[in-house]
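1. next come a sequence and a model predicted from it.
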Amino acid sequence: MSDPSELYQAVILDHNKQPRNFRAIEPHTHDADGHNPLCGDQLHLELRLDPAGCIEDIGFTGEGCAISTASASIMTEMLKGQSLETARALFERFHHLLTHPDAELDPELGKLAVLAGVRDYPMRVKCATLAWHTLQAALDEQGSVSTE
Ligand code: ZN
């Protein structure tokens, strides 16, 4: 059990089996659809910003593979109550981690570190970042985003 990848795998499976914040947010201020045609992942993200611009509530629905579901679950868990600046900074760190094979695990990533293993599988990177691209589309009021 000292192998961190086993622990990471367990966290991913847990979030896939029991996704956190798997629900619609009513009322919401922003929403978007995300689609990853390579894998077939489809998710709908809804969130509500408070007057100060913090994420008061955030949830997702839809269907996807274990990686995309776990990533959306972990993302919503981490972002609830955070400012948009924090959310954007976290996405940058996460994206950097997944697109740079030599990137060090940044402690600020928290639970997102469990997804680090996908960077060895470029197709999986799209699964892991789908929720984040969908968040960006929601905040930019784009309506929908596709990884292709
Ligand atoms: Zn996928």
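-> Here it is on my side, so go on. Quick caveat, the model's predicted, so the values are computed rather than measured.
2. now the helix or strand of the chain with the lowest mean pLDDT - C-alpha only, PDB.
-> Of all the helices and strands that make up the chain, helix 4-17 has the lowest average by mean pLDDT, DSSP states H and E, namely a mean of 89. Extracted C-alpha coordinates of helix 4-17, given in PDB (Å, rounded to 0.1, in the frame of the first residue of the first chain):
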ATOM      1  CA  PRO A   4       1.000   6.200  -4.200                       C
ATOM      2  CA  SER A   5      -0.600   5.200  -7.500                       C
ATOM      3  CA  GLU A   6      -2.700   2.600  -5.700                       C
ATOM      4  CA  LEU A   7      -4.000   5.200  -3.300                       C
ATOM      5  CA  TYR A   8      -4.700   7.600  -6.200                       C
ATOM      6  CA  GLN A   9      -6.500   4.800  -8.000                       C
ATOM      7  CA  ALA A  10      -8.700   4.200  -4.900                       C
ATOM      8  CA  VAL A  11      -9.600   7.900  -4.600                       C
ATOM      9  CA  ILE A  12     -10.500   8.100  -8.300                       C
ATOM     10  CA  LEU A  13     -12.700   5.000  -8.000                       C
ATOM     11  CA  ASP A  14     -14.400   6.400  -4.900                       C
ATOM     12  CA  HIS A  15     -15.200   9.700  -6.600                       C
ATOM     13  CA  ASN A  16     -16.500   7.800  -9.700                       C
ATOM     14  CA  LYS A  17     -18.700   5.600  -7.600                       C
END
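3. so which elements touch that helix?
-> If contacts are counted by 3 or more CB pairs under 8 Å, 6 or more residues apart in numbering; DSSP states H and E, helix 4-17 sits against helix 66-79. Quick note: C-beta positions are derived from backbone N, CA and C, even for glycine.
4. any idea of the mean pLDDT for the helix it packs on?
-> Summarised as a single mean, pLDDT over helix 66-79 is 97.
5. ok, stretch 38-45 next?
-> Mean predicted confidence for stretch 38-45 is 97.
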